[in-house]
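Undergrad: quick one: sequence plus predicted model below, questions after.
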Amino acid sequence: MTSPVFSGLYRPSLALLTDLYQLTMAYGYWKRGLHEREAVFHLYFRRAPFEGGYAVAAGLALAIDYLENLRFAAEDIAYLAGLTGSQGARLFPDDFLAYLGKLKFTCDVDAVAEGTVVFGNEPLVRVQGPLLQAQLVETALLTIINFQTLIATKAARIRDAAGPHDTVLEFGLRRAQGPDGGLGASRAAYLGGADATSNVLAGRLYGIPVRGTHAHSWVQAFGDESQAFAAYADAFPDDSVFLVDTYDTLDGVRHAIAVALDMRQRGHELGGIRLDSGDLAYLSQEARKLLDTAGLENVRIVASNDLEETLIASLKQQGARIDTWGVGTQLVTAYDQPALGGVYKLAALRTANSQGWDFTLKLSEQQAKTSIPGILQVRRYLGDQGQPRADMIYNIAAPTPLPAAPTILDPADATRRRPVRPSAPFRDLLSPVLRQGQLVQPLPTLAESRVFARQEVNSLDASIRRFLNPHVYPVGLEQGLHEFRTQLMLAKRPVRLA
Ligand SMILES: Nc1ncnc2c1ncn2[C@@H]1O[C@H](COP(=O)(O)OP(=O)(O)OP(=O)(O)O)[C@@H](O)[C@H]1O
Ligand SMILES: O=P(O)(O)OC[C@H]1O[C@H](OP(=O)(O)OP(=O)(O)O)[C@H](O)[C@@H]1O
Ligand SMILES: O=C(O)c1cccnc1
């Protein structure tokens with residue numbers, strides 16, 4: 001079956017979209033009879049990207065599409081049968097490959113909705129089910145969620161800089177990290193706040209509006225701006241945006257104005273002009289004056305040229321008269337931080353007698369990198385206006401129930417603690433998505449997630465959204481969980497499987 005979201009870019013099956021070690025561990029667990037032991041993994045990142053104060057969770061629909069369609073096709077099995085180790089012996093025996101050939105994903109998945117604002121250490125996805133399966137999906141889940149979350153967050157920052165009324169166009173495909181990087185980036189950029197993309201395949205696959213202007217080559221091909229603009233207007237009388245900087249920008253604006261007035265005579269209006277070089281603040285102000293003087297107040301000014309959020313903020317501050325921001329390279333490559341360091345960690349295993357849980361921990365020299373044991377949920381406490389106030393990570397399988405008025409501890413400094421009012425409103429961020437591999441209810445559409453993302457970012461205080469030294473949003477561990485984690489860290493107790 002062809003996965004609809006990855007379309008024909010890949011072979012039909014994505015089961016091999018993984019690191020080899022997931023498969024060698026899978027065989028090892030199977031050989032030991034441990035493959036069905038129930039396990040719980042969490043996917044989370046430790047620090048928000050771009051030195052920012054938050055991230056926008058993204059990629060869940062792609063991840064769920066991957067999980068629902070996870071099957072090893074006959075050709076996948078044949079490929080695995082041909083793999084050999086350093087001594088030339090086959091890596092995987094036939095009886096294990098026969099098992100893989102019948103495998104379906106039957107885990108439970110709980111996750112935060114796409115568009116939710118999230119912070120370091122908070123699980124975005126929880127996978128609970130047979131150890132072999134829950135481990136096997138690590139790499140694909142990370143590659144999907146890490147990149148989508150990274151680009152959605154970049155787009156949210158660019159949207160914040162542009163403000164609520166300007167248009168943001170994503171123009172990045174040509175500079176993206178290959179075809180899939182470009183496709184995924186267009187999806188995430190739209191989710192995070194772009195209004196449209198120039199990427200036509202992304203438009204067709206994801207229903208993103210497609211928009212665009214024309215290139216310098218169009219003007220070069222005619223050798224004369226006035227002719228080039230007139231020809232474009234002839235082809236698209238109601239959808240023309242002229243790129244005015246091929247020769248001299250302000251001359252280009254004058255040529256655009258002449259063609260626009262001609263268009264008006266024929267009952268059509270020019271949509272906009274695009275500036276792609278030079279001082280965008282000065283040129284946009286001069287262009288605005290020329291356009292307004294000619295009675296073309298509704299002609300919009302589009303700007304492009306290596307834009308990103310701080311540059312957009314600076315141009316706004318300089319009084320630039322730009323209505324539409326065309327953003328490519330910096331957005332789709334997340335230029336200033338090209339990867340989100342999301343991780344996927346084992347946090348609980350059923351005991352051998354299947355009665356209870358062994359909560360597991362990955363220790364690190366750096367305390368901040370030590371994982372959090374338990375079956376985790378994130379409780380977001382809200383202020384009077386519904387605005388996020390503080391998040392508490394807690395263990396839903398803790399031996400003692402959550403107190404009515406829990407205390408939240410800063411995991412980096414346990415002396416910093418904040419009590420929660422018993423009546424404080426809250427919402428829990430992770431909700432059931434798959435039960436035994438089946439979708440619990442349809443996921444929101446991309447457009448719905450986009451609206452939600454905007455509400456989420458807007459609900460954050462400006463101090464958390466600012467680009468420079470943002471305020472740190474409080475995220476902590478519930479006191480009982482913190483104490484339990486500390487005990488485990490002190491005991492350094494290895495979990496025994498068998
Ligand atoms: N008023 C401004 N303040 C800050 N940066 C600006 C301003 N105007 C333009 N920029 C940015 O400065 C950078 C350099 O622009 P500039 O047009 O000088 O060089 P360029 O990219 O080499 O031009 P070209 O596309 O003609 O080769 C771009 O990222 C552009 O967006
Ligand atoms: O600058 P970005 O944010 O990546 O936006 C996309 C850029 O792509 C186009 O340039 P093109 O490929 O024609 O080359 P150019 O940089 O020489 O204009 C367009 O004119 C933008 O400048
Ligand atoms: O339509 C545009 O103006 C466009 C598309 C891709 C890259 N740069 C500009």
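TA: Sure, I can see it. Residues are numbered from 1 along each chain as shown. Ligands and ions are numbered 1, 2, ... in the order given.
Undergrad: I'd like the distance between the closest residue to ligand 2 within the chain and ligand 1.
TA: In the chain, the residue that lies nearest ligand 2 is Gly328 (2.7 Å; Cβ to the nearest ligand atom). In this view, the C-beta of every residue, glycine as well, is placed from N, C-alpha and C. Gly328 sits 11 Å away from ligand 1, taking Cβ to the nearest ligand atom, to the nearest Å as the criterion.
Undergrad: ok, that residue - contacts?
TA: Glu170, Phe171, Gly172, Leu173, Arg174, Arg175, Ser304 (Cβ atoms under 8 Å, 6 or more residues apart in numbering).
Undergrad: and the gap between the nearest residue to the second one once chain neighbours are set aside and Pro49?
TA: By the measure of Cβ to Cβ, 6 or more residues apart in numbering, the closest residue to Phe171 outside its immediate chain neighbours is Gly328, 4.0 Å from it. For Gly328, the distance to Pro49 (Cβ to Cβ, to the nearest Å) stands at 19 Å.
Undergrad: where does the residue of the chain closest to ligand 2 land on pLDDT?
TA: With respect to pLDDT, Gly328 scores 98.
Undergrad: and if you look at Pro12?
TA: pLDDT, Pro12: 64.
Undergrad: likewise for Thr2?
TA: Confidence for Thr2, expressed as pLDDT, is 40.
Undergrad: quick one: strands adjacent to the host helix or strand of Ile273?
TA: Following DSSP states H and E, one finds Ile273 within strand 272-275. Strands that pair with strand 272-275, judged by DSSP bridges, come out as strand 241-243 (parallel), strand 300-303 (parallel).
Undergrad: and that strand, what's its mean pLDDT?
TA: If you average the pLDDT over strand 272-275, you get 98.
Undergrad: what packs against the helix or strand that it is followed by?
TA: Using DSSP H and E, the next helix or strand after strand 272-275 towards the C-terminus is helix 280-293. Counting contacts by 3 or more Cβ pairs under 8 Å, 6 or more residues apart in numbering; DSSP states H and E, helix 280-293 is packed against helix 249-265, strand 272-275, strand 300-303, helix 309-317.
Undergrad: now with 7 Å, please.
TA: On a contact count with 3 or more Cβ pairs under 7 Å, 6 or more residues apart in numbering; DSSP states H and E, helix 280-293 meets helix 249-265, strand 272-275, strand 300-303.
Undergrad: deepest-packed of the ones you listed, please.
TA: A comparison of these by mean neighbour count, using mean count of other Cβ atoms under 10 Å, puts strand 272-275 on top with a mean of 25.
Undergrad: sorry, back to before: I'd like the strands paired with strand 272-275 as CSV, with mean pLDDT and distance to Glu286 appended.
TA: Converted to CSV, the strands paired with strand 272-275 look like this (pLDDT from 0 to 100; distance: least, Cβ to Cβ, whole Å):
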stretch, mean pLDDT, distance to Glu286
strand 241-243, 98, 16
strand 300-303, 98, 10
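Undergrad: what about the residue nearest the centre of the chain, helix or strand, and which?
TA: Of all residues in the chain, the one closest to the mean position by Cα atoms, centre = their mean is Thr149, 2.0 Å from it. Secondary-structure element containing Thr149, defined by DSSP H and E: helix 138-162.
Undergrad: with Arg380 instead?
TA: strand 376-382.
Undergrad: count the residues that sit near Pro237.
TA: 14 (other Cβ atoms under 10 Å).
Undergrad: wait, it touches Gly267, no?
TA: No: using Cβ atoms under 7 Å, Pro237 is not in contact with Gly267, being 8.4 Å away.
Undergrad: ok so, going back, can you redo the strands paired with strand 272-275 as a markdown table with distance to Tyr29?
TA: Below are these laid out as a markdown table (distance: least, Cβ to Cβ, whole Å):
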| stretch | distance to Tyr29 |
| --- | --- |
| strand 241-243 | 57 |
| strand 300-303 | 55 |
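Undergrad: could you dump those strands into a markdown table and include distance to ligand 1?
TA: Formatted as a markdown table, these follow (distance: least, Cβ to the nearest ligand atom, whole Å):
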| stretch | distance to ligand 1 |
| --- | --- |
| strand 241-243 | 11 |
| strand 300-303 | 8 |
